[in-house]
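[1] Please find the sequence and the predicted model below.
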Amino acid sequence: MAEESILTDDFIRQLINVGEVDLLVGLPTHNNAKTAGPVIQAIQAGILKCFPRERTAILNVDGGSRDGTPEVVTGASINDLRRAYNTHALRTLPSISTRYASSPSSETSLHTILSAAELLRAKACAVISPESLNIEPEWMARLLRPVYQDNADFVAPIYRRHKFEGVLVSNVVYPMTRALYGQKIREPYASEFGFSGRFGSRFLTQHVWRHEPGQFGTELEMTLNAITGGYTVSQSFLGMKSRSEHHPDDLVAAMRQTVGVLFSSLETKFTSWSASNGSKPVSTIGPEYEMTLDPVRVNRRRLKQMFSGGVAELEPILRSILSQSTLSALQQIAALDEENCRYPAELWARTVYEFAASHHKSVMSRDHIVQAFVPLYRGRMFTFLVENRNASAEEIENSIEALCREFERSKPYLLEVWNGGK
């Protein structure tokens with residue numbers, strides 16, 4: 001049973017009034033009154049259209065909104081939607097809300113959704129971001145149907161992205177997750193996903209909830225647990241990714257919740273990743289990738305300056321993290337001008353793995369190791385942008401695929417430096 005301390009008495013009473021459900025849709029919010037209305041209507045429309053006979057509830061988990069977001073969610077009427085879709089659902093579609101704190105925490109909101117799902121005995125659940133302005137009613141079927149009807153335990157999304165969007169995912173999170181754990185999940189760290197009740201209950205028992213709120217990317221940890229726990233994983237194409245999401249101003253915070261989680265997972269999941277070789281595709285609904293090629297302005301010069309400056313300023317720290325050969329190669333690259341500066345895939349994979357090993361050995365504060373990774377990532381980002389400025393979608397996909405294969409090819413090096421010297 002989930003920890004009841006995460007659920008207030010009032011919230012438990014609301015859940016009891018709802019009763020057991022087949023489907024649960026969680027909507028974590030914080031001051032999203034401007035976008036929550038269209039999102040909740042799309043959720044309702046998707047449920048009425050795709051699951052008119054299932055017992056379903058919508059759960060808003062709010063992190064202290066001051067703009068009336070919970071009232072927008074709970075006050076959304078489905079009567080107009082019933083007429084629009086010419087459907088007569090046999091069951092009601094309750095929307096309930098709970099406030100868990102005065103400030104947002106993705107960990108706490110997910111913990112609350114999982115605990116509520118267990119209490120309601122939900123068979124299939126989905127989590128939706130309130131900032132998903134491109135959401136369509138069909139998202140409900142794409143995230144819930146693989147779980148509810150096809151026995152999947154975890155459903156990751158696939159988005160249509162601009163070719164220069166999501167570089168942290170395409171150049172770090174996806175290649176490393178794929179190489180380590182052997183499954184080709186394009187969006188391991190996502191704001192929309194589906195999961196089974198049995199997997200959600202199992203994940204509630206994991207150690208991740210012992211971390212301080214805000215210090216752990218629980219969404220990514222959930223993906224990794226689905227992979228390593230032997231659960232059935234799939235992915236569904238949702239469409240356009242809202243440009244406002246996962247573009248935090250604080251790159252260090254983003255690194256903590258992605259790269260930091262991946263580095264930490266290496267210790268708790270050593271048996272899984274050390275024994276896997278290569279990678280295999282997962283069941284996918286829809287296209288495996290889509291890209292838009294619209295022109296976009298990117299300050300490549302600034303990226304190059306921050307990369308070169310970081311390599312110079314952090315030299316004493318990097319010397320403790322990286323091997324001498326890797327550091328020397330980085331210093332040579334950082335000294336080049338924009339026209340010639342390139343951070344090749346082989347050196348990038350080697351860098352990531354040396355950082356991971358140093359994180360394991362705690363050669364210094366682990367948070368300082370993650371922070372030191374940021375300027376080097378900017379160098380890789382600069383290279384990706386320059387090399388693909390005139391590339392087609394297919395050429396960019398080939399570039400990402402080649403990078404993933406390099407991470408897989410170099411994986412024995414991670415094992416070599418894991419317990420050995422640099």
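    Good, I have the coordinates.
[2] Which strand or helix spans Val155?
    strand 154-162 (DSSP states H and E).
[3] Revised request: answer the last question for Val73.
    Val73 belongs to helix 69-74 when assigned by DSSP H and E.
[4] who touches that helix?
    Helix 69-74 has contacts (CB atoms under 8 Å, 6 or more residues apart in numbering) with 27, 29-33, 36-37, 40, 58, 60, 62, 95-97, 99, 130. C-betas here are computed from N, CA, C, even on glycine.
[5] where's Glu354 relative to Ser95, distance?
    Per CB to CB, to the nearest Å, Glu354 is found 49 Å from Ser95.
[6] do the same with Glu192
    Counting by CB to CB, the separation of Glu192 from Ser95 is 18 Å.
[7] Tell me the secondary structure of the residue nearest to Ala357 when sequence neighbours are not counted, please.
    Nearest-residue entry for Ala357: Val417, 4.2 Å, with adjacent residues in sequence omitted and distances by CB to CB, 6 or more residues apart in numbering. For Val417, the assignment made with DSSP: H, G, I helix; E, B strand; the rest coil gives helix.
[8] How many residues are close by Val417?
    Neighbour count for Val417, taken as other CB atoms under 10 Å: 18.
[9] same check, this time on Thr292
    Residues near Thr292, counting by other CB under 10 Å: 13.
[10] residue contacts, the nearest residue to Asp294 once chain neighbours are set aside?
    Of all residues not flanking Asp294 in the chain, His162 sits nearest, at 6.4 Å (CB to CB, 6+ apart). Residues in contact with His162 (CB under 8 Å, 6+ apart) are Arg243, Met291, Thr292, Leu293, Asp294, Val296.
[11] Per-residue confidence, the fourth one, what does it come out as?
    If I follow you right, that is Leu293. Looking at Leu293, its pLDDT is 80.
[12] And for it, the neighbour number?
    Leu293: 13 surrounding residues under other CB under 10 Å.
[13] show me what contacts Lys285?
    If you look again at residue 285, you'll see it is Ile, not Lys. Arg142, Pro146, Ser234, Gln235, Ser236, Phe237.
[14] pretty sure the third one contacts Leu143?
    No. Counting by CB atoms under 8 Å, Leu143 is not a contact partner of Ser234; they are 10.1 Å apart.
[15] So between these two, which is more surrounded?
    More crowded of Ser234 and Leu143, by other CB under 10 Å: Leu143, with 28 against 19.
[16] ok, the more buried one to Leu262 distance?
    Using CB to CB, Leu143 is found at 24 Å from Leu262.
[17] what angle do the helix or strand containing Phe237 and strand 154-162 make?
    Taking DSSP H and E as the definition, Phe237 sits inside strand 233-240. Here strand 233-240 points in a direction 30 degrees away from that of strand 154-162 (axes from the mean of the first three to the mean of the last three CA atoms, to 10 degrees).
[18] Who are the packing partners of strand 233-240?
    helix 138-148, strand 154-162, helix 218-228, strand 283-285 (3 or more CB pairs under 8 Å, 6 or more residues apart in numbering; DSSP states H and E).
[19] Buried residues in the helix or strand harbouring Lys304, which are they?
    Secondary-structure assignment from DSSP H and E places Lys304 in helix 300-313. For helix 300-313, a neighbour-count test (16 or more other CB atoms under 10 Å) marks Arg300, Leu303, Lys304, Met306, Phe307, Ser308, Gly310, Val311 as buried.
[20] Adding pLDDT and distance to Trp348, write these out as CSV.
    Formatted as CSV, those follow (pLDDT from 0 to 100; distance: CB to CB, whole Å):
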residue, pLDDT, distance to Trp348
Arg300, 92, 17
Leu303, 96, 15
Lys304, 97, 15
Met306, 97, 16
Phe307, 98, 12
Ser308, 98, 16
Gly310, 98, 15
Val311, 98, 14
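[21] now, among those residues, which is nearest to Asn151?
    Leu303 (44.4 Å; CB to CB).
[22] Run through the strands of the stretch 1-150 of the chain in chain order.
    23-29, 56-62, 95-99, 124-127 (DSSP state E, counting those that start in this stretch).
[23] Could you export those strands as JSON lines, including mean pLDDT, mean neighbour count and distance to Arg350?
    Formatted as JSON lines, those follow (pLDDT from 0 to 100; neighbours: other CB atoms under 10 Å; distance: least, CB to CB, whole Å):
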{"stretch": "strand 23-29", "mean pLDDT": "97", "mean neighbour count": "26", "distance to Arg350": "37"}
{"stretch": "strand 56-62", "mean pLDDT": "96", "mean neighbour count": "26", "distance to Arg350": "41"}
{"stretch": "strand 95-99", "mean pLDDT": "93", "mean neighbour count": "20", "distance to Arg350": "47"}
{"stretch": "strand 124-127", "mean pLDDT": "98", "mean neighbour count": "27", "distance to Arg350": "35"}
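[24] Could I get those in TSV, plus columns for distance to Ile321?
    Converted to TSV, the strands of the stretch 1-150 of the chain look like this (distance: least, CB to CB, whole Å):
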stretch	distance to Ile321
strand 23-29	35
strand 56-62	38
strand 95-99	42
strand 124-127	35
